[in-house]
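J.: model the following, please.
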Amino acid sequence: MHEQTSEQTAATIPHAEGVSEDEFKAAMARLAAGVVLVTAHDPDEGPHGEDVGMTATAFLSVSLEPPLVMVSVRDGSRMDEVLSRQSLWGASLLTEAQRRTAGRFAMKGRLSDRLLFQDLPHDHGAATGAPLVRDALAVLECRTEQRVPAGDHTLVIARVLSAQVPHHGDPGPLLYFRGRYRALS
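T.: As a prediction, the model looks like this:
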């Protein structure tokens, strides 16, 4: 007789609506998503504050008037905690050449964000003080307008204070599809 661990059992037991976590993950893995580095400056960390970041694939435009975007952050994550206190943040839409950056900021149990930012070419936004990745497809500076609890995540809806498209050619976007980073072509 094969015994399942509690983690295996939880993944295969259907939700009330009938879909298991495994089925849901497999279906959603087929949705290609852009990759964004969400950043903020945490003024409460250390004598000069600390830059923090996380890789996000659940990021989208919500409204043109006013200009709003949304990012989904995992409850209890470092970014969730920072954005619950700090309303100003940034988003850098990554290029296919920035795959390493996406991977480093997505790692669980990673080194401190301070060390990750040391190796990352970036500037701090004038409107938010958030780190913005150089040579990204576009960079946005945002101010949180609303936080909406949604399952094990929080949807952070923010007004776009500044949007810039760097003038450096036309690199392709970095995408996340079937559990891997990919280029558009």
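J.: run a quick neighbour tally on the residue nearest to H124 when sequence neighbours are not counted.
T.: Excluding the flanking residues, the one nearest H124 by CB to CB, 6 or more residues apart in numbering is P131, at 6.0 Å. Placement of C-beta: from N, CA and C, glycine included. By the criterion of other CB atoms under 10 Å, P131 has 25 neighbours.
J.: make sure P131 is actually in contact with V38.
T.: No - P131 sits out of contact with V38 when judged by CB atoms under 8 Å, with a separation of 10.2 Å.
J.: residue ranges with poor pLDDT in this structure?
T.: Scanning the chain for pLDDT under 70 picks out 1-16, 110-111, 167.
J.: walking through it, point out its strands one by one.
T.: Taking DSSP state E, the strands of the chain run over residues 33-34, 36-42, 50-56, 59-63, 68-74, 88-93, 122-124, 131-133, 138-150, 153-164, 174-177, 180-183.
J.: let's have those in CSV, adding distance to D80.
T.: Compiled in CSV, the strands of the chain are given as follows (distance: least, CB to CB, whole Å):
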stretch, distance to D80
strand 33-34, 19
strand 36-42, 11
strand 50-56, 9
strand 59-63, 15
strand 68-74, 5
strand 88-93, 12
strand 122-124, 22
strand 131-133, 18
strand 138-150, 9
strand 153-164, 6
strand 174-177, 20
strand 180-183, 23
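J.: for E23, find the nearest of these.
T.: Checking these against E23 by CB to CB gives strand 174-177 as the closest, at 17.9 Å.
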